[in-house]
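Enquirer: turn this into a structure:
(one chain, ligands or ions: 1)
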Amino acid sequence: MHNTHDVLHRLSETLTSRRNADPESSYTAQLFAKGPDSILKKIGEECAELIMAGKEGNKLHVVRESADVMYHLMVLLAFNNLSIDDLLQEMRRREGISGVDEKKSRTSA
Ligand SMILES: N=c1c2ncn([C@@H]3O[C@H](COP(=O)(O)OP(=O)(O)OP(=O)(O)O)[C@@H](O)[C@H]3O)c2ncn1[C@@H]1O[C@H](COP(=O)(O)O)[C@@H](O)[C@H]1O
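Expert: Down below sits the predicted model:
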């Protein structure tokens with residue numbers, strides 16, 4: 001049984017391997033083949049759907065639309081030769097830095 005906590009790392013590796021995959025059998029390979037604009041368009045669409053789910057307030061819909069956004073975001077990372085670890089590293093860098101303090105440090109300079 002796979003560990004749920006490693007799912008993003010496994011997905012990250014799967015998406016990287018889809019660079020050389022057949023678009024006939026891989027949705028990710030289809031997005032890679034169509035190019036960055038198609039990935040960005042899907043992110044926009046999926047974000048719009050997440051916004052609607054958030055307005056609606058249905059928890060299952062929020063989770064499912066969040067997963068769609070996450071998947072397409074990770075496709076964008078993979079397209080740019082980035083992995084989930086690059087994203088996690090940036091989140092780690094921000095860990096413990098209050099958004100309020102971070103904003104003050106930008107506006108008081
Ligand atoms: N997590 C996902 C995932 N989430 C969403 N999707 C696909 O994203 C697509 C877009 O969703 P939509 O609801 O917009 O569907 P649609 O209107 O038919 O899509 P478009 O025609 O507009 O592109 C659908 O085909 C979904 O199946 C995903 N496809 C793949 N994954 C993961 O990526 C892995 C590799 O997938 P393949 O590259 O397809 O093998 C899979 O094993 C999964 O782990």
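Enquirer: geometric centre of the chain: which residue is closest?
Expert: With distances taken as CA atoms, centre = their mean, the residue of the chain nearest its centroid is L73 (2.6 Å).
Enquirer: tell me the helices and strands packed up against the helix or strand hosting that one.
Expert: Using DSSP states H and E, L73 falls within helix 59-79. With contacts defined as 3 or more CB pairs under 8 Å, 6 or more residues apart in numbering; DSSP states H and E, helix 59-79 has these neighbours: helix 7-17, helix 27-34, helix 36-56, helix 84-94. No exception for glycine: its C-beta is placed from N, CA and C like everyone else's.
Enquirer: among these, which is nearest L77?
Expert: Checking the helices and strands packed on helix 59-79 against L77 by CB to CB gives helix 84-94 as the closest, at 6.4 Å.
Enquirer: re the thing from before, so can I have a markdown table of the helices and strands packed on helix 59-79 showing mean neighbour count, mean pLDDT and distance to the ligand?
Expert: Compiled in a markdown table, those are given as follows (neighbours: other CB atoms under 10 Å; pLDDT from 0 to 100; distance: least, CB to the nearest ligand atom, whole Å):
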| stretch | mean neighbour count | mean pLDDT | distance to the ligand |
| --- | --- | --- | --- |
| helix 7-17 | 16 | 96 | 5 |
| helix 27-34 | 17 | 97 | 3 |
| helix 36-56 | 14 | 98 | 6 |
| helix 84-94 | 12 | 96 | 13 |
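Enquirer: which of the ones you listed sits closest to K103?
Expert: That would be helix 84-94 among the helices and strands packed on helix 59-79, by CB to CB, at 12.4 Å.
Enquirer: mind checking how far that closest one is from the chain centre?
Expert: 13 Å (CA atoms, centre = their mean, to the nearest Å).
Enquirer: again with stretch 23-43
Expert: For stretch 23-43, the separation from the chain centroid amounts to 14 Å (computed by CA atoms, centre = their mean).
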